[in-house]
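1. from the sequence below, what's the structure:
(one chain, ligands or ions: 1)
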Amino acid sequence: MLQIESLTFRYNRRAAPVLKGVDMELKDGEIGILLGKNGSGKTTLFKNILGICTPLGGFILFDGANLLKMSKRERAGKIAYVPQHIQFGALSVFDSVLMGRVSRFGVKAGKEDYAIVESVLADMQLENYAARNVEMLSGGERQKAAFARALAQEPKLLVFDEPTGNLDIANEQLIMDEAKKLARDRNISILSSLHDLNQAMCFGDRFFFMKDGIVKYAGTKEQFTEAIIHDVFDSDVRIIEHEGEKIILGGNKNAN
Ligand code: ADP
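-> Residues are numbered from 1 along each chain as shown. All right, here's what the predicted structure looks like:
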């Protein structure tokens, strides 16, 4: 379980805090979606969870252990990250995905590592790309490779920054389905930002709405209301029910 308590952060002493006391809790196997306007602090929160930024105050606990005190390697054994913009270096797709396992194998990859990479490449329909230079792939293919690398890492928590930004509908669905499978079958928690509220409702179990440096609202999709969306995004939407599912119409103009 991921527990964040009273987390505060600012980029430098002269700047105002971006995170002003974030509280949230994500259970094992749950998919949590972080929602909020551009600049509301979603990426900053991810960077604090990943150890790229050091908080001013507060706690981040994972399975009861203080994430802020873990070594990089220990953290990489637990958390994988799929960023919005991926820097791989000029490696083959196979080797890029294998790099996801460095925190596990240390110096030299073994048979099990190769087998896991092969199985992940098959799940992501990337077998035919294995020998290709990852730098030569399209944005969407690179994003799939980044996801494959995160899967190969066998994390307990997967952090996703706008995972579907570069993807066409079929690949978007593939990544969403694989991510859901991961959460359900292996009890892995996923924390993701998404800009499309309808996509978020299809994908997520729990939603965290960020505004003014805090998680202002948290809950399941049943608790989504037009008033919350108006408050968070400053955008008027209508929520309708269709065949038992909520659909959000209109708005979204300021979402990210
Ligand atoms: P989001 O991911 O929700 O769009 P960010 O976390 O990227 O929001 O940004 C939150 C705020 O922090 C914004 O006001 C942004 O300008 C500021 N910010 C982000 N990165 C930096 C940085 N490296 N240095 C200073 N300010 C930053």
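2. now for the nearest residue to residue 129 once chain neighbours are set aside, how many residues are close by?
-> By the measure of C-beta to C-beta, 6 or more residues apart in numbering, the closest residue to residue 129 outside its immediate chain neighbours is residue 93, 4.7 Å from it. All C-beta atoms are positioned from the backbone trio N, CA, C, and that covers glycine. Taking other C-beta atoms under 10 Å as the criterion, the count of residues near residue 93 is 28.
3. ok, now residue 66?
-> Counted with other C-beta under 10 Å, residues neighbouring residue 66 total 10.
4. and for the one 4 residues further on?
-> Residues lying near residue 70 (other C-beta under 10 Å) number 17.
5. any idea how far it is from residue 50?
-> With distances taken as C-beta to C-beta, to the nearest Å, residue 70 is found 11 Å from residue 50.
6. again, but for residue 24
-> According to C-beta to C-beta, residue 24 and residue 50 sit 15 Å apart.
7. now do residue 228
-> Looking at residue 228 against residue 50, where the rule is C-beta to C-beta, the gap reads 27 Å.
8. tell me, what residue is most central in the protein?
-> Nearest to the centroid of the C-alpha atoms of the chain, with distances taken as C-alpha atoms, centre = their mean, sits residue 160, at 1.8 Å.
9. helix or strand right after the least confident helix or strand in the chain by mean pLDDT?
-> In the chain, the helix or strand scored least confidently by mean pLDDT, DSSP states H and E is helix 102-105, which has a mean of 84. On the C-terminal side of helix 102-105, the nearest following helix or strand under DSSP states H and E is helix 111-123.
10. in that following helix, what's buried?
-> Buried residues in helix 111-123, counted by 16 or more other C-beta atoms under 10 Å: 113, 116, 117, 120, 121, 123.
11. all strands for the protein, in order.
-> All strands of the chain, identified by DSSP state E, fall at 2-9, 19-26, 31-35, 57-62, 65-66, 79-82, 157-161, 189-193, 206-211, 214-219, 238-242, 245-249.
12. redo these as CSV? Include distance to residue 43 and mean pLDDT.
-> Converted to CSV, the strands of the chain look like this (distance: least, C-beta to C-beta, whole Å; pLDDT from 0 to 100):
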stretch, distance to residue 43, mean pLDDT
strand 2-9, 11, 97
strand 19-26, 11, 98
strand 31-35, 9, 97
strand 57-62, 16, 95
strand 65-66, 22, 92
strand 79-82, 11, 91
strand 157-161, 6, 93
strand 189-193, 7, 95
strand 206-211, 11, 97
strand 214-219, 15, 97
strand 238-242, 27, 89
strand 245-249, 23, 89
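13. which of these sits closest to residue 134?
-> When the strands of the chain are compared for distance to residue 134 using C-beta to C-beta, the nearest one is strand 79-82, at 14.0 Å.
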